[in-house]
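K.L.:
Fold the following for me, if possible:
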Amino acid sequence: EVQLVESGGGLVQAGGSLRLSCATSGFTFDTYNIGWFRQAPGKEREGISCISRSDGITHYADSVKGRFTMSSDNAKKMVYLEMSSLKPEDTAVYYCAADFTIATTDPFFFNHWGQGTQVTVSS
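P.N.:
Residues are numbered from 1 along each chain as shown. So this is what the prediction gives:
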């Protein structure tokens, strides 16, 4: 069974940093594309970043480029999201997701999701 568990969310002031973690199990880690997504209240789920297993490239949404960095540890089967220069508009529930189809930040193509972790950025 594919499982993803996010952690590391919390309350942070604007301009601050936070590191999210995603522990994975139940699938061959280095063959699945893994992404980070977020959903703010009243808004659609937004793709933030995705690691492509086919070419090793990490894709980012324009809204987080230069501020967020996604990384992975194959040995630990962990995925991380380093967030810096946080803004109040980054406030959302953050999810990691995995699938073996295509590498994209479109949440439609991901079938396996974690439960999410809340990130709140105060102004």
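
K.L.:
Now Glu89. Its backbone dihedrals?
P.N.:
Per-residue torsions, Glu89: phi -70, psi -10 (degrees, to the nearest 10).

K.L.:
cool, and Pro88?
P.N.:
With angles defined as degrees, to the nearest 10, Pro88 sits at phi -50, psi -30.

K.L.:
mind listing what it touches?
P.N.:
Pro88 makes contact with Ala14, Val121, Ser122, Ser123, according to CB atoms under 8 Å, 6 or more residues apart in numbering. For every residue, glycine as well, the C-beta is placed using N, CA and C.

K.L.:
Greatest separation within the residues you listed: which pair is it?
P.N.:
Val121 and Ser123 (7.6 Å; CB to CB).

K.L.:
before we move on, back to that, for PyMOL, write the selection for the buried entries among the contacts of Pro88.
P.N.:
In PyMOL, this line selects whichever of the contacts of Pro88 come out buried by 16 or more other CB atoms under 10 Å:
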select buried, resi 121
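
K.L.:
Need the residue closest to the centroid of this structure.
P.N.:
Trp36 (1.9 Å; CA atoms, centre = their mean).
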